[in-house]
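Asker: this one's sequence-less:
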Ligand SMILES: Nc1ncnc2c1ncn2[C@@H]1O[C@H](COP(=O)(O)OP(=O)(O)O)[C@@H](O)[C@H]1O
Ligand SMILES: Nc1ncnc2c1ncn2[C@@H]1O[C@H](COP(=O)(O)OP(=O)(O)O)[C@@H](O)[C@H]1O
Ligand SMILES: Nc1ncnc2c1ncn2[C@@H]1O[C@H](COP(=O)(O)OP(=O)(O)O)[C@@H](O)[C@H]1O
């Protein structure tokens, strides 16, 4: 099993979610994060002074998934999240040793 | 060393924390997240129109832990977080390569 | 590739960010979290009653990084985040299986 | 408002060109104190009342844009009012019955000692100005979350002169509807019907927000909306009871019926939701309150407590049904429900003013030679005239403005949110 | 209050049945202007003042439920007041000394020209209504975060008729306490003792919130609480100075002593916390303010600035100690401290009214044939009577309501939060 | 304010010691109603208006500290005002022309029946007290996010007695500037110049916040700032129109010009930003509003609508440029821009008062034997005197306080935030 963490632009969240659902992913966990990277933040006015706000609001989507679905899921995320502009985000994949479903005690692929 | 990430219902947080403390876990890091899964969101009224809000507030508890404590910790979490209703959440376990305590520079199990 | 997650005191964030930039890290993702650990929370007044608030605001900095940069990055974080007082935080290192840049489809070290 | 209630009850009101013709030489300090206070209350309705009420209802990325729209409207309308708005509404007519003149532009002749009725004319100018501020600000709810700021300023400025000012003259400035005996005490037609109709037209011309109605677009801060709603309630005492332009029994009764209608309409909406959806909502009860207040507005100087109970109930239920119909059946994205609440409420109120003006139901009675039926006819004429003029003019103005500057921001900008795109600011940095 | 201050100082006040017996034919515009304004101010105290003050203090999952309770109480009490509340409190007695009659139910006979004292009776009805709104709303603090919405509506509605209305009649409507010369200018007993005692009873009957007192239940938004507190302060000028029912020296003095007491009590609480806990808190200083205002309320028409300084100090310190005692010693979950602040403050104020009415301390003096000691006796009788009646009646009403619909939501629902469970809404979507 | 406008226009005002010398035996209810209302409005400006305006502008970790500062200042200044502040400002002089006496300390002799002008003296005391509250509260903006709470209390308390009270006596209490015919209707010098200059000195003495100006220190909640700004606007009607101390044409005109200036200055700032930075900001438009209100304050009883238009424009543009200059060129961390907005605005307004008092521009005209040029000279003298006295005294007080308790918190505490460090509370727990 893998854990896919995708950092994407907030307004692509709905699309990504739908794409993942179509790819067969049923659950996911979403966190609001701030991103620093190549994309420049905006300039904020403060009574005539200008400040560069260099972090950008992003969302992180975490999906635990069985190995055979990984590729499809990543494709789905890339397709849905891509705007072609800098700051579209990243996908990180790590290995999961184990997964448990708290309600039933199921483990492994059953638990996802 | 392992990293245990548990996504649970927010109002179980206190119980889970206590259970982990009893199981010998001293530190943890908690994040507010939104969960999508089998559990249905609530219907929100908006001047007579009804909308389904499909994400649910959850908390993610992250615990770095030495290998020998993993089982006890997971049991503690499951016991404390379980309500038996859909949406109780998941536990993910990944391997940690290294841990550092910033204050002292300690590493490994010492650092946890 | 590794994923470095550092939980640090919020007001060290700016310093850590600058130190990482100097160490050659270009991107990172930051999350607001609550920490429980050895550091005691503050006592909050409520009309003369005192409550111990035992979690503390922290920030989690996640950096995906190529293996050769790991050590320098960790040093940079430790240097910048250390105040020498309890609660300075931890650094966790896990292995990344893969990284994708959504905009370009690049993978691996290219994508970071 | 406007027709001094004592005169009115003596059957003289309707035919009077007032306040252009001052009939008293010195102001009464008590009356003046109350209208000064009422002016503060009505400004308070817009800033921060309405601004918060609306801003809480939008998504967090547009919160500042709504505050900015309300605030800048207040500023621009004030300047227009001084330059020529007041004069065109309330000075001697240029076109008989249709529009005032320019003799008081730049407030020429309005000095420290000018008196209008029993209050200084400066106070009357200010009190009226607050109505000219809130009316275009009400329209903001229709095009929230997608209109370009510059286009909004252009539209509301022209609209004030082309729609609001003439309507105010017709009804309160001695124009043709005043002559017919049309009864609109505090702005059922002048304020609420005009704003509601303009909102409907704007929603249609601008089109729905992206994602409407499938994506839920939930209020980002209902505590802000409730705060604004409460301020509207309190401020409305100035709006309606201040419209007596005196601190007398008419003002007292206006306050009483205003409050009664608000309370009843709130409960009506609450119960309607409770029955229909199983739970009463906070947004529902405060929307009912606004409906009740809009509905009693034209009637507030003419009816008694019994009338207010019925008017509140009718306003609450009527606007509840209208809101559902607009959203669910018609699918029109009048985003914050300006037409179904203000437009529909105003019309219901104008009609019921005729019914509950009767002495039998505790009202002030009818003018000599008038009956409930004849007044009802006049009210219908007035509603139709204001509706049609406002709809046509609003449509034309929007189309013209669109030629100068596109009404809507781009799709990307709408997605990003107006706060950052138009004002380079974010509401909260918590 | 109600007893026109000029009369009172002439020693006539206490025995007078007022305002049922109007003693003036035309209203004074200045007095009317001030009471109209005061009415707006007192409504503002509840909506949004008190609503925000309380809502900021609860956890985020119950914020809307508190706003909803305050708002719906305002609506329901208004309707009850019109239907029969006003009549039962202020019309000619049904049961001599105990309760008014039904002759003014549905505000029968209250017309455009009715006068009460020097103001229109409509204005008096409205002004009094705002007191009937805020009193049950104060109780909300006791059962916040756990009471079922429908049970809350039932309880407060019955309570208004069974507790508030008779008490108001006894003291302000010419009832037995008024006859005895009981002094409660603006509602120390009628408003604060009744609300405080009902809160205490409700807290005991309903039981503590889950987790109280071990789990910290911290205010979710102290900026909201401070905002509400400030509005209460400003609104209280209408509450106390408006109770002079005139724009005269009595109103001016009432405003001055009200403000003074608030300032002193705030500082007293601040210093007490500073000494006791090492740091002064924002919540502390604003709670002190409310304590000071509640304490001065009964005295505000009778005492001078010196009295106000002492009363403020006594209110601040007394309520500070009472709060600690309730929470720490007794472990009663009167969640937002209604009894220790309003109940205790009201009682302290009623007692000190007797002391500082003396001319020597700058007060208005005593009625002919009365002394400080005799007045103190009367004040004690009044406090005991109101306390006992309110406690017994509140207990019985709660038990009865509980038979119809359980007072408390289920454990699970309490955990989930009332906003989602009862209203299907969330306060913030940031 | 202060000089009854009718007298003034009759050319008598300037030489009059007022209100010490009451010239009327009974109060007018209408005038009293309006000043009672105005008192509520001006308190509302500070609590919650200014408190919210400022608190929204700081970072989230200091939000409560700002609210606490404003709130505690209101309490402490009130007590000082009663103890001796009012007496030293408004009673018969101790040092001729420079300072009042102590004959009215503890408000000795201010009873239920004392009259001052056409209102009860209690009301005058209260109205003036609200000015003594807001002036030191304005200074808070300069040292926000870094000053120790206890030092702040000490500083503002001494400052009130050493700077505010004498200045108020000079200008409003019959002192030497009043004798010279200095015109400051509602506090351009007494309130805004003193607060602005003290802010500048405080910013210099305390030093910049850590990280200023490199680190962006963005407002944590602009919706709160806009809410506070709107309350300031509404409350300012009481500030300026209340300063007529009557409900007459002078009050009406004061309200009209106040509103006009606010609207024009808001738009001026908005356009300036739009031109200079490409986008208009919410913070910009509301800052322009405050600038416009501060600028019109001294002029508000002397000028007409035309004057107000120009004054609003000058205030908006002048303060916009001053803000830029202070931040960008001088790098002074007057954190919330008190000096460039209030100080500069007040001075511009005082100068333009001389220009637009002329009858030709719709003003009240000049006193007998005075011309625009001579008045301008007097205004310059007054500005210089107030500026210098305030600067020197503020500097000395700060240095002295610093000997008792350090003005600034430690670096670590500043980083952690004042809310937790000084008050053991956090603003939001969402
Ligand atoms: N090395 C990294 N580690 C963790 N997160 C990163 C890293 N680099 C970028 N990110 C995240 O991805 C987001 C987008 O990155 P950015 O460099 O701006 O554009 P792009 O994804 O187009 O290369 C950032 O805002 C940040 O949240
Ligand atoms: N595949 C997944 N990857 C990551 N998080 C998941 C996944 N599935 C579920 N979750 C998280 O677990 C929560 C509970 O899952 P859900 O399917 O609703 O109920 P249950 O845990 O009882 O199966 C979700 O709200 C989501 O936060
Ligand atoms: N075992 C753990 N797993 C995850 N996070 C931890 C763990 N222990 C500590 N932390 C995080 O590190 C922060 C600092 O830890 P703490 O024990 O207070 O001090 P120190 O880092 O100096 O040992 C905690 O607030 C928490 O967020």
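Answerer: Noted; the coordinates are in hand. Model, not experiment: these values are computed from the prediction. Ligands and ions are numbered 1, 2, ... in the order given.

Asker: now the longest helix seen in chain A, how far from the chain's geometric center?
Answerer: Counting residues, the longest helix found in chain A (DSSP state H) is helix A:70-81. In this view, helix A:70-81 has its centroid 10 Å away from the chain centroid, taken as C-alpha atoms, centre = their mean, to the nearest Å.

Asker: list the buried residues in it.
Answerer: Going by neighbour count (16 or more other C-beta atoms under 10 Å in any protein chain shown), the buried part of helix A:70-81 is A:70, A:72, A:73, A:74, A:76, A:77, A:78, A:80, A:81. For glycine as for every other residue, the C-beta is placed from the backbone atoms N, C-alpha and C.

Asker: the very next helix or strand once past it near chain C at all?
Answerer: Scanning forward in sequence from helix A:70-81, with DSSP states H and E defining helices and strands, the next element found is strand A:89-95. Yes - counting by C-beta under 8 Å from any C-beta of the partner chain, contacts between strand A:89-95 and chain C involve A:89, A:90, A:91, A:92, A:93, A:94, A:95.

Asker: ranking the residues you listed by neighbours, who comes first?
Answerer: The most crowded member of the residues of strand A:89-95 next to chain C, judged by other C-beta atoms under 10 Å in any protein chain shown, is residue A:89 (29 neighbours).

Asker: is whatever residue of chain A ends up closest to chain E within a helix or a strand, and which one?
Answerer: Taking C-beta to the nearest C-beta, chain E has its nearest neighbour within chain A at residue A:32, 9.3 Å off. Using DSSP H and E, the element containing residue A:32 is strand A:28-36.

Asker: buried ones in the longest helix along chain D, by neighbour count?
Answerer: Identified as the longest helix of chain D according to DSSP H is helix D:372-404. Counting neighbours by 16+ other C-beta under 10 Å, one finds that the buried residues in helix D:372-404 are D:372, D:375-376, D:378-379, D:382-383, D:385-387, D:389-391, D:393-394, D:397-398, D:401-402.

Asker: contacting residues for the nearest residue to residue D:397 once chain neighbours are set aside?
Answerer: In space, residue D:397 comes closest to residue D:158 once its chain neighbours are excluded; the distance is 5.0 Å by C-beta to C-beta, 6 or more residues apart in numbering or on different chains. Applying C-beta atoms under 8 Å, 6 or more residues apart in numbering or on different chains, one finds that residue D:158 lies in contact with D:397, D:400, D:401.

Asker: show me what from the stretch 201-350 of chain D comes close to chain B.
Answerer: For the stretch 201-350 of chain D, the contact set with chain B under C-beta under 8 Å from any C-beta comprises D:213, D:216, D:218-219, D:273, D:276-277, D:279, D:281, D:283-284, D:287, D:320, D:323-324, D:327-328, D:337.

Asker: let's see it at 6 Å
Answerer: Counting by C-beta under 6 Å from any C-beta of the partner chain, the residues of the stretch 201-350 of chain D lying close to chain B are D:216, D:277, D:281, D:287, D:323, D:324, D:327.

Asker: how about chain A?
Answerer: Taking C-beta under 6 Å from any C-beta as the contact definition, chain A meets chain B at A:27-31, A:64, A:94, A:96-103.

Asker: now, of those residues, which are buried?
Answerer: Among the residues of chain A next to chain B, those that count as buried by neighbour count (16+ other C-beta under 10 Å) are A:27-31, A:64, A:94, A:96, A:98-103.

Asker: thought residue D:254 was touching residue D:241?
Answerer: Yes - counting by C-beta atoms under 6 Å, residue D:254 touches residue D:241, with 4.3 Å between them.

Asker: now do the contacts for the residue of chain A found nearest ligand 3.
Answerer: Among the residues of chain A, residue A:31 lies nearest to ligand 3; the distance is 15.3 Å by C-beta to the nearest ligand atom. When contacts are counted by C-beta atoms under 6 Å, 6 or more residues apart in numbering or on different chains, residue A:31 touches A:60, B:31, B:33, C:31.
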